[in-house]
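Engineer: Need a 3D model of the sequence below.
(one chain, ligands or ions: 1)
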Amino acid sequence: MGVILKVQDLHLSFKGVKALSGVAFSVAEGEFFAVIGPNGAGKTTLLNVLSGVYDPDRGEVVFLGQSLKGKSPQERARMGLGRTFQGLEIFRGMSVLENVKLGAELALSTYPMALPRAEREWRLRAWAEEVLDYLHLSPFRHAPAGMLPYGLQKRVEVARALAGRPKLLLLDEPMAGLALEEKQDLARFLLDAREEWGVTLLWVEHDLRAVLELSDRVLVLSYGEVLYHGPPEGVKKDPKVVEAYLGQG
Ligand SMILES: Nc1ncnc2c1ncn2[C@@H]1O[C@H](COP(=O)(O)OP(=O)(O)OP(=O)(O)O)[C@@H](O)[C@H]1O
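Structural biologist: Here you go, the predicted model:
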């Protein structure tokens, strides 16, 4: 398995607060990689640096062997770096299908040649429908996304991100606010997406049980520093992690 993402010596401060301090790790292709840590540890800041919302003060992010320095979030997305957000980022007044087609536009924008309008529309629709079907959202395709229950809205957001055919999908707390059954459904969809479309997953998540059950490797951050980087089995055994994170109960 090759390395899809390499993060080297990232530093970022906000007015003296060190949000990231010497963060380094790598993610292998096809991995389900988790980032956890207490509130304010720097997890969302890390996602913002990876997706190009913030420039780091120091350090580098290499995606598929290419440095991301100076690349906008849009350029990164076109390279195959997808993202979902902590809050919901769907268009509530648009139908589920329209939301997912917007994501599919991104996949088509990387297509090597310009397509005739009708064919373009056909491909967009076909790909969006495939993703909807895969995530069991087809019955809701014409419903305004904002009218669906929260758990389904979260699933629409994941569907839209997957429709962009990311090679690496960054997920910011995808399970927040979901009931246990909805979490289990989402976990299955993510694992299936990895299997079916070969997408690598990097998720920030507070549900420790889900993280330890599903992830291949885990990065633990605290005060912007890496406390632990390794398999899930080692997380609870690491004295530094217990002290800074798990000890909080
Ligand atoms: N735009 C910003 N301006 C100023 N300070 C910021 C900004 N973004 C983050 N910070 C600070 O950087 C630190 C890390 O914040 P971050 O949101 O990355 O943590 P987190 O691990 O995602 O926390 P949570 O689990 O609560 O979402 C915090 O001290 C936060 O207050």
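Engineer: how about the spatially most central residue of the chain, what does it touch?
Structural biologist: Taking C-alpha atoms, centre = their mean, the centroid of the chain lies closest to Leu170, which sits 1.7 Å from it. Going by C-beta atoms under 8 Å, 6 or more residues apart in numbering, Leu170 touches Leu47, Leu50, Ser51, Leu81, Gly82, Arg83, Thr84, Leu202, Trp203, Val204. Bear in mind the C-beta positions are built from the backbone N, C-alpha and C, glycine included.
Engineer: For the third one, which non-adjacent residue is closest in space?
Structural biologist: When the adjacent residues along the chain are set aside, Ser51 lies closest to Arg83, with 4.8 Å between them (C-beta to C-beta, 6 or more residues apart in numbering).
Engineer: thought the one you found was touching Val158?
Structural biologist: No - judged on C-beta atoms under 8 Å, Arg83 makes no contact with Val158 at a distance of 11.0 Å.
Engineer: which residues are in contact with both of these two?
Structural biologist: Taking C-beta under 8 Å, 6+ apart as the criterion, Arg83 and Val158 both touch Leu171.
Engineer: Distance check, Leu227 against Val17.
Structural biologist: Distance of Leu227 to Val17, given as C-beta to C-beta, to the nearest Å: 18 Å.
Engineer: Compare those two (neighbour count), which wins?
Structural biologist: Counted by other C-beta atoms under 10 Å, Leu227 and Val17 do not tie: Leu227 has more neighbours, with 21 against 12.
Engineer: unless I'm mixing things up, the more buried one is touching Asp238, no?
Structural biologist: Yes - between Leu227 and Asp238 a contact is recorded at 7.1 Å, counting by C-beta under 8 Å.
Engineer: joint contacts of the two?
Structural biologist: Shared contacts of Leu227 and Asp238, defined by C-beta under 8 Å, 6+ apart, are found at Val220.
Engineer: can you pull the buried residues of stretch 223-242?
Structural biologist: Within stretch 223-242, the residues scored as buried using 16 or more other C-beta atoms under 10 Å are Tyr223, Gly224, Glu225, Val226, Leu227, Tyr228, His229, Pro232, Val235, Asp238, Val241.
Engineer: Just the residues you listed: which are in strands?
Structural biologist: Glu225, Val226, Leu227, Tyr228, His229 (DSSP state E).
Engineer: what sits against the second one?
Structural biologist: Neighbour list for Val226: Gly22, Val23, Ala24, Phe25, Leu219, Val220 [criterion: C-beta under 8 Å, 6+ apart].
Engineer: And the ligand, is stretch 194-214 touching that?
Structural biologist: No - Stretch 194-214 does not reach the ligand (C-beta under 6 Å from any ligand atom); its nearest approach is 6.7 Å.
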